[in-house]
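Colleague: no FASTA, just this:
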């Protein structure tokens, strides 16, 4: 009786001592060591004591500390929730004492092959005779479990043994949680200090103006893998691309050898800081390119003034042209929407550079700049085939339906550049009015004259020739329009209108009577076509 009382007193004092130790330590390894030592001293017949802690990332219970086992084997053991005794007690969150071999085997029968292998190796292939398992509970969460095993026939655990370990587990739960919080804060502080150091290192490269290549070189050394930069204009098959962004703009990409998500936390911070530094470099480059485009516009304005002599030679030296070079003006403009979004930093630069690269790849020396939402290109005489290729290249820049038009002026000398520019502007206006993608001024017919003649004079001519047509219905107007488009072919006109040839004949005769002309008369026909073209120009909503 006295011996039992002395043992109870010893255990009570030991539990108080353990509690004191646990409350004073913030190191997880020390806490787990104390729990193992306490279990060894408080449970006489224990051969093996194992602590498993729950890993939130892998969702498994992993070996944390043990006594009487091979640690090297147990580091490979990872129990899923509900797997073996450990996983089942974790889910149940209640202690359990096992006293029969059958019950132990029943709880352990769903252990995975990998866990069976390393668990058996870790306990020297011994069979458990008696065991109990205690959850480590903190508030409403289970942090892990304590497993106590016995391998001897003559030693069986009691409920009292399990109760003692429950007290130890309860005391350790608070200490483990505090240690984890403390460790997490230390890691965060270390990460923050390292992040600041990394930021300062890359920022120093920005201050020194070392450029993108220096940043990439430093990033490669810091994370130990090769990293490449791709501009938004470059097409690549690389799958592991990390975007370099500024607001809504994607300024480029970092090509990595593996997905960003599987890098370590420190490497992720390093990649992000490098991305920020590259963004700053690219923004500087964009600002310089904006100045370059502005300067090009000034060169264009000077050429439009009709320079000569040394001033002309100085301007031409910039674009690598000779005084006898012949040029054409091309204007690209959005039809229903602008070529680039106002709020996008990279949009205009991307558009201008892509067109510039296309022309330079064909060995042209273009003068390209943006004015408002127009792209103006002055280029030595360009072939119709290249115009079509340029149009196709620009189409590819739109993910959906393209919505732009090209107006092309005639070939002129540099001294007459203003003429080609004016013609390109008129071609853009014609393309928008008639919903045409590409208009070359040289290919226009009477429309060219209509642009040059005073509108009031055109209207008087039209009224003189078509006054009586004002009383005609829309069907007759449409018929005459198709008749002109079909080059006065009655057969083709009837086919397009889906009417009987006789019906068309009577409509044409009616028009001739109204106008007092004969379509077979050459002069009457020319006057009528010109007047009708003017009518269509002045009534674009027809």
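Modeller: Right, received. Where do you want to start? What you see is a predicted model; the values in this text were computed from it and never measured.

Colleague: just the helices in the stretch 301-450 of the chain please.
Modeller: Using DSSP state H, counting those that start in this stretch, the helices of the stretch 301-450 of the chain run over 309-319, 345-361, 384-395, 417-434, 446-452.

Colleague: show me what the first one is packed against.
Modeller: Secondary-structure packing of helix 309-319 (3 or more Cβ pairs under 8 Å, 6 or more residues apart in numbering; DSSP states H and E): helix 265-304. All C-beta spots, glycine's among them, are computed from the backbone N, C-alpha and C.

Colleague: repeat that for 10 Å
Modeller: helix 265-304, strand 367-371, strand 374-380 (3 or more Cβ pairs under 10 Å, 6 or more residues apart in numbering; DSSP states H and E).

Colleague: how far out from the middle of the chain is the helix or strand where residue 533 lies?
Modeller: Here residue 533, judged by DSSP states H and E, is contained in helix 522-538. Its chain's C-alpha centre lies 55 Å from the corresponding centre of helix 522-538 when counted by Cα atoms, centre = their mean, to the nearest Å.

Colleague: residues of that helix that come out buried?
Modeller: For helix 522-538, burial by neighbour count (16 or more other Cβ atoms under 10 Å) applies to 524, 527-537.

Colleague: kindly report the same for stretch 501-510.
Modeller: So, applying 16+ other Cβ under 10 Å, buried residues of stretch 501-510: 504, 507-508.

Colleague: same question for it, mean pLDDT?
Modeller: For stretch 501-510, the mean per-residue pLDDT is 89.

Colleague: before we move on, back to that, quick one: mean pLDDT for the helix holding residue 533?
Modeller: The model assigns helix 522-538 a mean pLDDT of 83.

Colleague: can you check stretch 155-163 too?
Modeller: 84.

Colleague: how distant is it from the center of its chain?
Modeller: A distance of 60 Å separates the centroid of the chain from that of stretch 155-163, by Cα atoms, centre = their mean.

Colleague: thinking again about what came up before, what's the most buried one of the helices and strands packed on helix 309-319?
Modeller: With neighbours taken as mean count of other Cβ atoms under 10 Å, the helices and strands packed on helix 309-319 reach their highest mean count in strand 374-380, at a mean of 22.

Colleague: returning to that earlier point: now the buried residues of stretch 501-510 in JSON lines, with distance to residue 129?
Modeller: Output for these, formatted as JSON lines (distance: Cβ to Cβ, whole Å):
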{"residue": "504", "distance to residue 129": "109"}
{"residue": "507", "distance to residue 129": "111"}
{"residue": "508", "distance to residue 129": "113"}
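
Colleague: name the next helix or strand downstream of the helix or strand where residue 72 lies, please.
Modeller: Using DSSP H and E, residue 72 sits within helix 71-74. Going down the chain from helix 71-74, the next helix or strand is strand 78-80, by DSSP H and E.

Colleague: max-length helix in this structure?
Modeller: As assigned by DSSP state H, the longest helix anywhere in the chain is helix 159-208.

Colleague: starting at the chain centroid, how far to the following helix or strand past that helix?
Modeller: Counting by DSSP H and E, the element after helix 159-208 in chain order, helix or strand, is helix 212-223. Centre-to-centre, helix 212-223 and its host chain are 22 Å apart (Cα atoms, centre = their mean).

Colleague: list the buried ones in helix 212-223?
Modeller: So helix 212-223, judged by 16+ other Cβ under 10 Å, has buried residues 212, 214-216, 218-219, 222-223.

Colleague: kindly indicate which of the residues you listed lies nearest residue 363.
Modeller: For those, the closest approach to residue 363 (Cβ to Cβ) belongs to residue 212, at 27.6 Å.

Colleague: and that closest one, what's its pLDDT?
Modeller: pLDDT recorded at residue 212 is 90.

Colleague: surely it touches residue 230?
Modeller: No: using Cβ atoms under 10 Å, residue 212 makes no contact with residue 230, being 11.1 Å away.

Colleague: mutual contacts of the two, please.
Modeller: Shared contacts of residue 212 and residue 230 (Cβ atoms under 10 Å, 6 or more residues apart in numbering): 244, 252.

Colleague: so for stretch 103-114, what gets flagged as buried?
Modeller: 104, 107-108, 111.

Colleague: stretch 254-261 too?
Modeller: Of the residues in stretch 254-261, 254-256 count as buried by neighbour count, 16+ other Cβ under 10 Å.

Colleague: how about these in CSV, adding pLDDT and secondary structure?
Modeller: Shown next, in CSV, are these (pLDDT from 0 to 100; DSSP: H, G, I helix; E, B strand; the rest coil):
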residue, pLDDT, secondary structure
254, 91, strand
255, 90, strand
256, 90, coil
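
Colleague: let's have these in CSV, adding distance to residue 86.
Modeller: Shown next, in CSV, are the buried residues of stretch 254-261 (distance: Cβ to Cβ, whole Å):
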residue, distance to residue 86
254, 43
255, 44
256, 38
